[in-house]
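Student: Fold the following for me, if possible:
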Amino acid sequence: MKRTHVMTSAAVASILLISLSAQGGGHTWVFNELFSNPDGTIMFIELREGTGFMCQEKNLAGFIVQNAVPLNQYTFPTSLNCPVATCCTANKFVLLATSGFAALPGAPTPDYIIPDGFLNLAGSTLHYSIYAQMIYGAVPIDGVSSLSSLGAVTVNSPTNFNGDTANVIARCKVADFNQSGSVNVTDLLQLLASWGPCPPPCAADTDFNGIINVTDLLTLLADWGDCPP
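Tutor: Numbers count the residues shown, from 1 in each chain. Down below sits the predicted model:
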């Protein structure tokens, strides 16, 4: 008697999933987070692997990230360092950032360096080759907040492919809350007006603990005066 084997849709899906996740590529990355300071010298674009299961999406060489207005384009010069035998890209991040960002103390090392001013701080459209698009509005420039792919303003959390992450402050002095180039009475008044619980993102929260207190005040007093020329 001839036996007929019937595969369920779940089994077919499982086989397809295993097959797809084992293939090398670079098409499942999507935009996740944008950040900049006022002059665009400290800026990052964070990508994430968008499916959660594609294991070998390492072949980025030759792929592009393009900003529509102004028309800026970055071509990945190399692929990710990703062993073939491991599931190394699922749920991972890729960090593109300016050299000014890379120089920030404690900042995660960018995977790729992009030119200053790559993003339009007033808003534009980003493309990752033909595979992903992000239409974004005004990018926060308070030195703390970033813009998510959903348009939410939140505390920046750049993460590189290695998984290194941090919250950064992109100001000439940590307590220069209004980025005037000087820590003075205006910054002091802003801190006092924010005293107490200050849900993130909070420009005056110098240690990212969600509350403005004496620690933040001491930071401001230590920063008092003009920024270095």
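Student: ok, the most centrally placed residue in the chain - contacts?
Tutor: Central residue of the chain (Cα atoms, centre = their mean): residue 46, 3.5 Å from the mean position. By Cβ atoms under 8 Å, 6 or more residues apart in numbering, residue 46 lies in contact with 31-34, 93-96, 158-159. No exception for glycine: its C-beta is placed from N, CA and C like everyone else's.
Student: Secondary structure element for it, which one?
Tutor: Assigned by DSSP states H and E, residue 46 belongs to strand 43-49.
Student: re the thing from before, dig out what the residue nearest to the centre of the chain forms beta bridges with.
Tutor: Going by DSSP bridges, residue 46 is paired in beta bridges with residue 33, residue 95.
Student: Distance check, it against residue 213.
Tutor: According to Cβ to Cβ, to the nearest Å, residue 46 and residue 213 sit 30 Å apart.
Student: Same check on residue 177?
Tutor: Distance, residue 177 to residue 213, by Cβ to Cβ: 15 Å.
Student: Compare those two (neighbour count), which wins?
Tutor: Higher neighbour count among residue 177 and residue 213: residue 177, with 25 against 15, using other Cβ atoms under 10 Å.
Student: Mind pulling the model confidence for the more buried one?
Tutor: Among the per-residue scores, residue 177 shows a pLDDT of 96.
Student: Residue 83 now?
Tutor: pLDDT recorded at residue 83 is 88.
Student: is it true that it lies in a strand?
Tutor: No - read with DSSP: H, G, I helix; E, B strand; the rest coil, residue 83 is coil and lies in no strand.
Student: Please work out how many residues are found near it.
Tutor: 9.
Student: so for the helix or strand containing residue 154, what's the average pLDDT?
Tutor: Using DSSP H and E, residue 154 maps to strand 153-155. The average pLDDT for strand 153-155 rounds to 97.
Student: For that strand, list every residue counted as buried.
Tutor: Neighbour counts over strand 153-155 (16 or more other Cβ atoms under 10 Å) mark 153, 155 as buried.
Student: try stretch 60-73
Tutor: Neighbour-count burial for stretch 60-73, with 16+ other Cβ under 10 Å as criterion, is recorded at 60, 63, 65-67, 72.
Student: tally of neighbours for residue 162?
Tutor: 13.
Student: Let me see the contact set for it.
Tutor: With contacts defined as Cβ under 8 Å, 6+ apart, residue 162 is in contact with 108-109.
Student: try 10 Å this time
Tutor: Listed by Cβ atoms under 10 Å, 6 or more residues apart in numbering, the contact set of residue 162 reads 81, 92-93, 95, 108-109, 111.
Student: Is residue 187 within a helix or a strand, and which one?
Tutor: Assigned by DSSP H and E, residue 187 falls within helix 185-193.
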